[in-house]
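1. Predicted model and sequence below, questions to follow.
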Amino acid sequence: MTRIVILGAGLGGMAAAYDLKDALGEQADIVVVGDGPYFNFTPSNPWVAVGWRKPEQIRVSVVPPLDKHGIRYSAIPAETILPGENQVRLVGGETLGYDYLVITTGPRLAFDEIPGLGPEGGFTQSVCTGPHAEAAWLAYQKFLENPGPVVVGAVQGASCYGPAYEFAMIVDADLRRRKLRDRVPMTFVTAEPYVGHMGLGGVGDSKGLLETELRQRDIRWIANAKVTSAGPDRVLVDEVDADGHPVHSHDLPYAFAMLIPAFTGVDAVRGVPGLANPRGFVLIDAHQRHPTFRNIFAAGVCVAIPPVEATPVPTGAPKTGFMIESMVGAIVENIRADVEGRPADARATWNAVCLADMGDTGAAFVALPQIPPRNVTWARKGKWVHAAKIAFEKYYLRKVRSGHTHPVFERHVLKLLGIEILKKDKASH
């Protein structure tokens with residue numbers, strides 16, 4: 001019996017659990033370690049924060065579907081990993097032994113790196129987790145009673161820009177529907193060197209597309225922005241030049257603010273010697289495998305990926321849901337190969353495919369591969385993207401509830417967009 005422990009019950013963790021069980025069958029004893037009883041579909045959090053979704057519409061109780069597939073679940077989170085002993089220690093002291101460990105924890109949200117940032121002990125809102133989106137909706141309802149300036153964006157070191165753009169434009173669309181937009185000045189604040197950089201060096205004409213969209217919606221922006229602090233009613237921002245030298249300080253008043261923080265690795269990972277880089281992200285080779293601890297694999301936001309390029313204000317490289325699917329596909333193939341005594345040589349595509357909702361329209365971005373130089377860079381806007389995002393939400397929630405396997409949605413989306421993947425990736429099948 002091969003024992004596999006999966007840390008994290010998000011997009012990557014649930015897909016890994018189902019697909020590993022499908023690949024290995026009864027010879028696999030799989031335990032998923034989460035933090036609470038629910039899977040939350042994170043890409044829908046911006047809709048929750050403005051009341052377009054209720055929290056229960058985008059979450060799933062994970063125990064019943066996992067039980068149905070013979071997969072165990074622990075709602076007690078991990079405290080640390082003991083790679084030398086092939087064990088995970090949970091909060092409270094219980095240990096789980098493993099033959100293989102798959103780390104899909106997602107990030108720790110580094111609100112503490114900027115004074116006043118974040119909903120827990122700070123003043124700004126977040127859409128990074130289900131509870132944060134719920135708290136943002138409560139704050140947004142109070143804001144609607146007495147509208148004023150709005151500040152939305154992503155701070156220095158952030159590696160997740162799509163939700164910031166989405167939320168700014170969803171708020172704009174919502175306020176126009178409520179006939180309140182004329183009472184709300186809006187500012188978008190970003191660490192990117194220019195609008196549409198996305199942590200990717202731009203994708204197609206993402207710069208022109210998003211600048212045009214912000215202008216049409218009367219949302220002013222500040223790029224090359226370093227947030228220095230947040231108070232109860234204002235955000236302080238230093239704008240820098242191409243060399244990183246401050247050129248202007250902004251004192252931005254707000255009645256509602258949502259800022260995406262920088263990420264680090266979670267505590268259970270970043271404190272383990274040799275497992276992660278200085279920011280706590282798991283080190284992996286080309287096959288999603290740790291270069292030293294060969295029975296440890298990782299996928300998703302928790303893995304170490306270098307920035308696409310140096311920028312005046314630090315920016316990180318994003319890991320999209322489709323890329324995470326590809327990483328999981330490679331891990332499944334490689335663990336199965338290792339169990340069967342074959343070379344574990346599957347690779348993920350590491351393509352960036354992003355569907356960004358804008359409330360009443362949307363934008364799609366494709367970078368094949370994510371890290372330049374690329375075979376394909378492509379960006380388009382249209383109402384169909386909004387519909388595609390809803391379809392993706394339904395697909396993934398259905399997948400988690402039922403345990404359907406085989407991560408091929410990336411290919412389906414690219415086919416719909418009329419884009420061919422130029423090199424077949426066996427890790428995705």
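-> Yep, it's here.

2. Helices along the stretch 151-300 of the chain, start to end?
-> Applying DSSP state H, counting those that start in this stretch to the stretch 151-300 of the chain gives helices spanning 162-177, 206-216, 267-270.

3. wait, Gly202 sits on Gly196?
-> Yes - using CB atoms under 8 Å, Gly202 and Gly196 qualify as a contacting pair, with a distance of 5.8 Å. Where you see a C-beta, it was placed from the backbone N, CA and C, and this is true even at glycine.

4. which one in this protein is furthest away from the centre?
-> The centre of the chain is farthest from one residue, Gly341, which by CA atoms, centre = their mean lies 33.7 Å away.

5. show me the contacts for that residue.
-> By CB atoms under 8 Å, 6 or more residues apart in numbering, no residues touch Gly341.

6. quick one: secondary structure of it?
-> coil (DSSP: H, G, I helix; E, B strand; the rest coil).

7. and it, what pLDDT?
-> Looking at Gly341, its pLDDT reads 96.

8. Over to Gly116?
-> Taking Gly116 on its own, its pLDDT is 98.

9. Also the one 10 residues further on?
-> On pLDDT, Ser126 comes in at 98.

10. What of Ile390?
-> With respect to pLDDT, Ile390 scores 90.

11. Phi first, then psi, for it.
-> With angles defined as degrees, to the nearest 10, Ile390 sits at phi -60, psi -40.

12. ok, it - how many residues close by?
-> Neighbour count of Ile390, defined by other CB atoms under 10 Å: 15.

13. try Leu175
-> Counted with other CB under 10 Å, residues neighbouring Leu175 total 22.

14. One more: the one 10 residues further on?
-> Burial of Pro185 is recorded as 18 neighbouring residues (other CB under 10 Å).

15. The residue farthest from the centre of the chain and Ala23: what is the separation?
-> 15 Å (CB to CB, to the nearest Å).

16. same deal with Leu101?
-> Using CB to CB, Leu101 is found at 17 Å from Ala23.

17. swap in Gly382?
-> To Ala23, Gly382 is 37 Å away according to CB to CB.

18. the more surrounded of the two?
-> Using other CB under 10 Å, the more surrounded residue of Gly382 and Ala23 is Ala23, with 17 against 12.

19. State the helix or strand in which the more buried one lies.
-> Applying DSSP states H and E as the criterion places Ala23 in helix 11-24.

20. for the following helix or strand past that helix, the distance to its chain's centre please.
-> Sequence order places strand 28-33 as the next helix or strand after helix 11-24, per DSSP H and E. With CA atoms, centre = their mean, to the nearest Å as the basis, strand 28-33 stands 23 Å off its chain's centre.

21. what do you get for stretch 34-53?
-> With CA atoms, centre = their mean as the basis, stretch 34-53 stands 12 Å off its chain's centre.

22. Output that stretch as PDB, restricted to C-alpha atoms.
-> These are the backbone C-alpha positions of stretch 34-53, laid out as PDB (Å, rounded to 0.1, in the frame of the first residue of the first chain):
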ATOM      1  CA  GLY A  34      -7.000  20.800   4.900                       C
ATOM      2  CA  ASP A  35      -7.900  23.700   7.200                       C
ATOM      3  CA  GLY A  36     -11.600  23.400   7.900                       C
ATOM      4  CA  PRO A  37     -14.400  21.400   6.300                       C
ATOM      5  CA  TYR A  38     -14.900  23.200   3.000                       C
ATOM      6  CA  PHE A  39     -13.400  23.500  -0.400                       C
ATOM      7  CA  ASN A  40     -13.800  27.200  -1.500                       C
ATOM      8  CA  PHE A  41     -13.700  28.100  -5.200                       C
ATOM      9  CA  THR A  42     -11.300  31.100  -4.800                       C
ATOM     10  CA  PRO A  43     -11.800  32.600  -8.300                       C
ATOM     11  CA  SER A  44     -15.400  33.500  -7.300                       C
ATOM     12  CA  ASN A  45     -14.400  35.400  -4.200                       C
ATOM     13  CA  PRO A  46     -14.700  38.800  -5.900                       C
ATOM     14  CA  TRP A  47     -18.400  38.100  -6.700                       C
ATOM     15  CA  VAL A  48     -19.000  37.200  -3.000                       C
ATOM     16  CA  ALA A  49     -17.400  40.500  -1.900                       C
ATOM     17  CA  VAL A  50     -20.100  42.500  -3.800                       C
ATOM     18  CA  GLY A  51     -23.000  40.200  -3.000                       C
ATOM     19  CA  TRP A  52     -23.200  38.600  -6.500                       C
ATOM     20  CA  ARG A  53     -22.600  35.200  -4.900                       C
END
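
23. Now it: buried residues?
-> 34-35, 38-50, 52-53 (16 or more other CB atoms under 10 Å).

24. Over to stretch 262-270?
-> Under the neighbour-count criterion of 16+ other CB under 10 Å, stretch 262-270 has Ala262, Phe263, Thr264, Gly265, Val266, Ala268, Val269, Arg270 buried.

25. distance between the ends of that stretch?
-> 15 Å (CA to CA, to the nearest Å).

26. contact partners of it?
-> With CB under 8 Å, 6+ apart as the test, stretch 262-270 has contacts from 7, 77-81, 88, 103, 105-110, 113, 155-160, 275-276, 279-282, 301-302, 314, 316.

27. let's see it at 7 Å
-> 78-81, 103, 105, 107-110, 113, 155-159, 275-276, 279-282, 301-302, 316 (CB atoms under 7 Å, 6 or more residues apart in numbering).

28. And Cys160, how far from Thr80?
-> Cys160 sits 26 Å away from Thr80, going by CB to CB.

29. who's more crowded, the two?
-> The neighbour count for Cys160 versus Thr80, taken as other CB under 10 Å, is higher for Cys160 (23 against 17).

30. Identify the residues contacting the more buried one.
-> Counting by CB under 7 Å, 6+ apart, Cys160 makes contact with Ala154, Ile260, Pro318.
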